[in-house]
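*Asks:* Structure for the following, please:
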Amino acid sequence: MKTSLIAILAFGIGLGTGWRFGYTPPKEQRITAREDPNAVLESRGMQQLAVAVMSLETLNELERGNTDHAKAFLARIVADYYHIFHKFVPPSADDTFLSRIESSSNTSSVLKHALAKKPE
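*Replies:* Coordinates of the predicted model:
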């Protein structure tokens, strides 16, 4: 009886400690729009910067008439997401997009080739 009580108490303490330090992020990592709207906007701004840089590169290639280069550039970005970055996105948002990538690779030889390459 005494051993069981000690085991249950030790399990509870271990569970609580693991939950606190292993599962819940420290308070400074839990930033919300209410607490720090600038941090949220900065994060979204960096995402938009990445999209804008890629879009500008693609637009410039299309304006120069380099459609094959523009396609290859975009296909490489999609392939990188497919092979590497989709692991960091919640599955609910990701599953549909991965299916769309696979479906598009059936009609796009450039995308199919990019997906066949191993990530660099």
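*Asks:* okay, CA-based contacts and neighbour counts for the rest of this
*Replies:* Will do.
*Asks:* Which stretches in the protein count as helices?
*Replies:* 2-18, 37-63, 67-83, 91-105, 109-116 (DSSP state H).
*Asks:* possible to save these as CSV with mean pLDDT and mean neighbour count?
*Replies:* As requested, the helices of the chain are exported to CSV (pLDDT from 0 to 100; neighbours: other C-alpha atoms under 10 Å):
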stretch, mean pLDDT, mean neighbour count
helix 2-18, 51, 11
helix 37-63, 80, 13
helix 67-83, 89, 17
helix 91-105, 83, 13
helix 109-116, 91, 18
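*Asks:* so how far is Thr58 from Asn66?
*Replies:* 9 Å (C-alpha to C-alpha, to the nearest Å).
*Asks:* And His83, how far from Asn106?
*Replies:* Applying C-alpha to C-alpha to His83 and Asn106 gives a distance of 17 Å.
*Asks:* sorry, that was for Gly65
*Replies:* Taking C-alpha to C-alpha as the measure, Gly65 falls 25 Å from Asn106.
*Asks:* any idea how far Val53 is from Gln47?
*Replies:* Taking C-alpha to C-alpha, one finds Gln47 at 10 Å from Val53.
*Asks:* Now do the shared contacts for those two.
*Replies:* The overlap between the contact sets of Gln47 and Val53 (C-alpha atoms under 8 Å, 6 or more residues apart in numbering) is empty.
*Asks:* Give the burial count for Gly65, as a bare number.
*Replies:* Taking other C-alpha atoms under 10 Å as the criterion, the count of residues near Gly65 is 11.
*Asks:* show me the contacts for it.
*Replies:* Counting by C-alpha under 8 Å, 6+ apart, Gly65 has no contacts.
*Asks:* Could you report the pLDDT at it?
*Replies:* Model confidence at Gly65, given as pLDDT, is 93.
*Asks:* Look up phi and psi at it.
*Replies:* Here is the backbone geometry of Gly65 (degrees, to the nearest 10): phi 90, psi 10.
*Asks:* now do Asn106
*Replies:* The phi/psi pair for Asn106 (degrees, to the nearest 10) is phi -70, psi -30.
*Asks:* my read: it touches Lys112, true?
*Replies:* Yes. Applying C-alpha atoms under 8 Å as the test, Asn106 and Lys112 come out as touching, 7.0 Å apart.
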